[in-house]
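# what follows is a predicted protein model with its sequence.
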Amino acid sequence: MTNNTLAKDVVDKMMTDDHFSKWLGIELVDISVGKAILKMQIRKEMLNGFGIAHGGIIFSLADSALAFASNSYGRRSVSIEASISWPKSIGLGDEVVAETELKSLTNKTAIFDVNIKNIDQEIIGLFRGVVYRTSKNWFE
């Protein structure tokens, strides 16, 4: 089994019970070891009182990208810290894409940046997440 096949198998297994990511309508565009690209479309129930996408929705997309990328190595990893900035708003019907970038990988932790962009490739979210890498493998 190649490393990228392992990454795909891990994410497929994660998505089986990831009802929140399914509810968000997240689609997996690409997965490889240490990298995930996800997309979703903004729906009416994702808007806040200003008629723009709720920040928590964008955070959740980025958090899912972090989860998939960090677990793609085959070891169970869980988020221990995350932050986000929203330099630009988006609205109903907008499609957004989240792409991870590995910044640091050790035996116990990993740090990823996630850039969230709109269809025009403008950054609408800048997310940084830290995960704890457990000693448990997804597949024995």
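Ah, there it is. Numbering: from 1, shown residues only.

# which helices and strands sit right next to the longest helix seen in the chain?
In the chain, taking DSSP state H as the definition, the longest helix is helix 55-71. Helix 55-71 sits against helix 3-16, helix 19-24, strand 27-32, strand 35-41, strand 75-85, strand 95-105, strand 109-117, strand 123-137, with contacts defined as 3 or more CB pairs under 8 Å, 6 or more residues apart in numbering; DSSP states H and E. From N, CA and C alone the C-beta is placed, and that goes for glycine too.

# can you give me the distance of the residue most central in space within the chain to F50?
Geometric centre of the chain, nearest residue: A65, 1.3 Å, by CA atoms, centre = their mean. A65 sits 25 Å away from F50, going by CB to CB, to the nearest Å.

# before we move on, back to that, what sits against the residue nearest to the centre of the chain?
36-38, 98-100, 112, 114, 127 (CB atoms under 8 Å, 6 or more residues apart in numbering).

# quick check: the farthest pair among the residues you listed?
Maximum pairwise distance among those (CB to CB): 13.8 Å, between I37 and F127.

# what do these two both touch?
Both I37 and F127 are contacted by 65, 98, under the criterion CB under 8 Å, 6+ apart.

# and the two? Which one has more around it.
F127 (23 against 17; other CB atoms under 10 Å).

# which of the contacts of A65 tops the neighbour count?
Neighbour max across the contacts of A65 (other CB under 10 Å) = A98, 28 neighbours.

# just list whatever residues bridge to that residue.
On DSSP bridges, the residues paired with A98 through beta bridges are L38, I116.

# where does pLDDT dip in the chain?
1 (pLDDT under 70).

# thinking again about what came up before, and the helices and strands packed on helix 55-71: which comes nearest I57?
Using CB to CB, the helices and strands packed on helix 55-71 put helix 19-24 closest to I57, at 7.1 Å.

# give me the distance from that closest one to the chain's centre.
Taking the mean of its C-alpha atoms, helix 19-24 sits 12 Å from the chain's own mean (CA atoms, centre = their mean, to the nearest Å).

# show residues contacting it.
If you take CB under 8 Å, 6+ apart as the criterion, helix 19-24 is touched by 15, 40, 57, 60-61, 64.

# which two among these are spaced furthest apart?
M15 and I57 (18.2 Å).
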